[in-house]
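Asker: requesting a structural model of the entry that follows:
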Amino acid sequence: MGIVNVTPDSFSDGGRYLDPEAAVDHALALAGEGADLIDIGGESTRPQAAPVPEAEELRRVLPVLDRLAGRLSVPISIDTRKPAVARAALEAGAGLVNDIAANREDPALWEVVATFGAGYVCTHMQGTPQTMQENPRYADVVREVGAFFADRLDRLDRHGVPAEQVALDVGIGFGKSLDHNLDLLAQVGSYKKLSRPMVLGVSRKSFLGKLSGAGVADRLPASLACAAYAVLAGVQVIRTHDVGPTRQAVRSVEALQERKP
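Answerer: This is a model prediction of the structure:
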């Protein structure tokens, strides 16, 4: 899953693809590098990011979606928390909603997903982007995230989104400390019992910098190591800024797995 941030303030590439033509060119380039899915977002969800009004988020993403119509050979995901943005993006040709706010109680976005029969990425987050890194606490983060997934799969089904349309994301960095992130990564294979595809987004994230001391631009080796580990554990979708190198790493791991006795 290749990332296209149509934002001025995303932690890694904020501002680079705010212009619609730059975003379109980047999406096409990521597809050319081998992305199986393009994830377009118009609101930064980094820690303490300011919320973006609905109209502004639409202004950012719709021109990109319109320009990509008929030019992109892979599915498009819309990275949003807002029902109106999800609806407009699905009408414009997106096929999947990537939702970091699946911890909400309001079912409006789920009802949009149900109406379109769209795919849905259910992401775990403690709090909101504005509060999520203010001393996150868990008694057992792996168990609690698993309980969250089971609860959300039930709620989604009751709102017209069956499990067959849902993928799960543990939400690395979304309301987690370094230790929480490492525990989730180490045990990400434990969620296979839920029989749903797993999505993992670790690309260039701050916990990698805490481990290595590397700045955002120098975290590719650590990102690839986590991606390879996750694929070995059974994760099917890796969300990344660096599609070409990640695809090489993933394909190498898969080739080795196929040769195991």
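
Asker: in stretch 209-228, which residues are buried?
Answerer: Gly209, Ala214, Arg219, Leu220, Ala222, Ser223, Leu224, Cys226, Ala227, Ala228 (16 or more other Cβ atoms under 10 Å). (C-beta placed from N, C-alpha, C; glycine too.)

Asker: ditto for stretch 171-179
Answerer: Applying a neighbour-count criterion of 16+ other Cβ under 10 Å, one finds Gly171, Ile172, Gly173, Phe174, Gly175, Lys176, Ser177 buried in stretch 171-179.

Asker: pLDDT of it, averaged?
Answerer: The average of the pLDDT scores along stretch 171-179 is 95.

Asker: contacts for it?
Answerer: 45, 47, 100, 123-127, 129, 132-133, 136, 141, 145, 181, 184-185, 200-202, 205-207, 210-211 (Cβ atoms under 8 Å, 6 or more residues apart in numbering).

Asker: give me the buried subset of those.
Answerer: Among the contacts of stretch 171-179, those classed as buried by 16+ other Cβ under 10 Å are 45, 47, 100, 123-126, 129, 132-133, 136, 141, 145, 181, 184-185, 200-202, 205-207.

Asker: narrow those residues to those in strands?
Answerer: Within these, residues falling in strands by DSSP state E are Thr123, Leu200, Gly201.

Asker: for those residues, which one is nearest Arg71?
Answerer: Set against Arg71, the nearest of these by Cβ to Cβ is Gly201 (25.0 Å).

Asker: the closest one against Arg239, yeah?
Answerer: Yes. Counting by Cβ atoms under 8 Å, Gly201 touches Arg239, with 3.7 Å between them.

Asker: between the two, what contacts are shared?
Answerer: Common neighbours of Gly201 and Arg239 (Cβ under 8 Å, 6+ apart) are Met1, Asp169.

Asker: quick one on the thing from earlier: so which of the buried residues of stretch 209-228 comes closest to Glu111?
Answerer: Looking across the buried residues of stretch 209-228 and measuring by Cβ to Cβ, the closest to Glu111 is Ala227, at 33.4 Å.

Asker: state the distance from the closest one to Gly175.
Answerer: Ala227 sits 22 Å away from Gly175, going by Cβ to Cβ, to the nearest Å.

Asker: so who does Gly215 touch?
Answerer: Gly209.

Asker: next, give phi and psi for it.
Answerer: When read as degrees, to the nearest 10, the backbone of Gly215 gives phi -70, psi 170.

Asker: thanks a lot, see you next time.
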